[in-house]
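Peer 1: Got a predicted model here, sequence first, then my questions.
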2 protein chains.
Amino acid sequence: MNKAELIDAVAGRGDVSKREVTEIVDAFVEEIKKAVVRGDKVAISGFGIFEAQARKARLGRNPRTGETVKIKATKLPKFRPGAEFKAVVSGAKKISTSAPKKAAAKKAAPKKAAAKKAAPKKAAKKAPARRK
Amino acid sequence: MNKAELIDAVAGRGDVSKREVTEIVDAFVEEIKKAVVRGDKVAISGFGIFEAQARKARLGRNPRTGETVKIKATKLPKFRPGAEFKAVVSGAKKISTSAPKKAAAKKAAPKKAAAKKAAPKKAAKKAPARRK
DNA sequence: CATCAATGAGTTCTGCTTTGTTCACGATTG
DNA sequence: CAATCGTGAACAAAGCAGAACTCATTGATG
């Protein structure tokens, strides 16, 4: 899935134009990048945290010549996935879905969300014990 | 920077309501999560790639008792920052900006950013030490 | 603003993974 | 189509993950 497909999917969830989604997504990405460049963490709950991570200088080598080369200290972007994201990827939790209906179901969604909210918590607490 | 602040920043870039930005951002995040759960990679140029990463079972331990415990094989979300994102964070390249809108927002943003920047950093650094 | 939920931090420790170098070539994206 | 990105090679040091569980802090929502 690339950016264009992602934007298709996002636009398909609601009555929004692909152009507008593109602009907002681009702005979103830019703001994350700016914040991380500034040294800020960007925490998006249910998703994860973007932050800068320092890396020390060390020695590497040129794979072609075997020559030892110094790799300078630097800073890199890092993403730490949040618990929710981890849980759905690992299968410990099901991801909330129904993209097409979401717009229509929106009024009903809050109630469901509240119901699910209570349920997963219990499941989450019990699941670790069961895993043993 | 948290989600609300991010959404503020994104909405501040254009004439878009915070509500709409929230919806699109949430959809964006959900679509990424869904794709990763499906086993797809999500590549956003200029930003990076989200994908699932498998982890083998291994032995860990309970830090309290020292008891050896088996950690099951699992799958995790991973983000690989793209070259552009790496370059701006490392300082090898300056981040691109949109001057007109940014200039307008800049007067309001810097004060908040500066204040928060100073506070979170200090708190982050000092807090661990104090706890000890 | 108040409340509740989510997340972070802390503890030990070891095996495994990631990283980065250069550079040519193929793949992908806009 | 042009520009950018990903891949691969060898190799070693840096860095990470994660167990169980409690408490503190932060964030989201109504």
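Peer 2: Happy to help now that I have it. Numbers count the residues shown, from 1 in each chain, chains lettered A, B, ... in the order given.
Peer 1: who in chain A is up against DNA strand C?
Peer 2: A:2-4, A:43, A:45-46, A:49, A:55, A:60-64, A:69, A:71, A:74, A:76, A:80, A:82-84, A:117-118, A:120-121 (CB under 7 Å from any atom of the strand). (Glycine included, C-beta is placed from N, CA and C.)
Peer 1: Let's see which of those end up in strands.
Peer 2: A:43, A:49, A:55, A:60-61, A:69, A:71, A:74, A:76, A:80 (DSSP state E).
Peer 1: For the residues you listed, name the two members farthest from one another.
Peer 2: Pairwise distances across those (CB to CB) peak at 37.3 Å, for the pair A:A43 and A:R61.
Peer 1: more crowded one of the two?
Peer 2: Using other CB atoms under 10 Å in any protein chain shown as the criterion, A:A43 and A:R61 rank with A:A43 on top: 17 against 11.
Peer 1: what about that one, distance to chain B?
Peer 2: Going from A:A43 to chain B by CB to the nearest CB, to the nearest Å gives 5 Å.
Peer 1: A:G48 touches B:K78, doesn't it?
Peer 2: No: counting by CB atoms under 8 Å, A:G48 stays clear of B:K78, with 10.4 Å between them.
Peer 1: Which stretches in chain A count as helices?
Peer 2: A:3-12, A:18-38, A:83-90, A:99-105, A:109-131 (DSSP state H).
Peer 1: Rounded mean pLDDT for the fourth one, please.
Peer 2: Across helix A:99-105, the average pLDDT comes to 29.
Peer 1: just the third one next, same as before
Peer 2: The pLDDT scores in helix A:83-90 average 91.
Peer 1: who does it touch, helix- and strand-wise?
Peer 2: Counting contacts by 3 or more CB pairs under 8 Å, 6 or more residues apart in numbering or on different chains; DSSP states H and E, helix A:83-90 is packed against helix B:18-38, strand B:74-81.
Peer 1: What ranges in chain A fall below the confidence cut-off?
Peer 2: A:96-132 (pLDDT under 70).
Peer 1: Kindly report the domain assignment for it.
Peer 2: A:1-40, A:43-95, A:98-132 (automatic domain parsing).
Peer 1: Closest to the geometric centre of chain A, which residue is that? Let me know.
Peer 2: By CA atoms, centre = their mean, chain A has its centre lying nearest to A:F47, at 4.0 Å.
Peer 1: ok, that residue - contacts?
Peer 2: For A:F47, the contacting residues are A:81-82, A:84-85, B:29, B:32-33, by CB atoms under 8 Å, 6 or more residues apart in numbering or on different chains.
Peer 1: go with 7 Å
Peer 2: Residues near A:F47 by CB atoms under 7 Å, 6 or more residues apart in numbering or on different chains: A:82, A:85, B:29.
Peer 1: Unless I'm misreading it, the last one sits right up against A:I44, doesn't it?
Peer 2: The reference is to B:V29. Yes: contact criterion CB atoms under 7 Å: B:V29 and A:I44 qualify, at 6.5 Å.
Peer 1: out of everything not next to it in sequence, what's closest to whatever residue of chain A ends up closest to chain B?
Peer 2: Nearest residue of chain A to chain B, counting by CB to the nearest CB: A:F79, 3.4 Å away. The shortest distance from A:F79 to any residue other than its chain neighbours is 3.4 Å, reached at B:F79 (CB to CB, 6 or more residues apart in numbering or on different chains).
Peer 1: just A:A87 next, same as before
Peer 2: A:K93 (3.9 Å).
Peer 1: So that neighbour sits against A:F85, correct?
Peer 2: No: applying CB under 7 Å, one finds A:K93 not in contact with A:F85, separated by 9.8 Å.
Peer 1: A:R61 bridge partners, please.
Peer 2: A:T68 (DSSP bridges).
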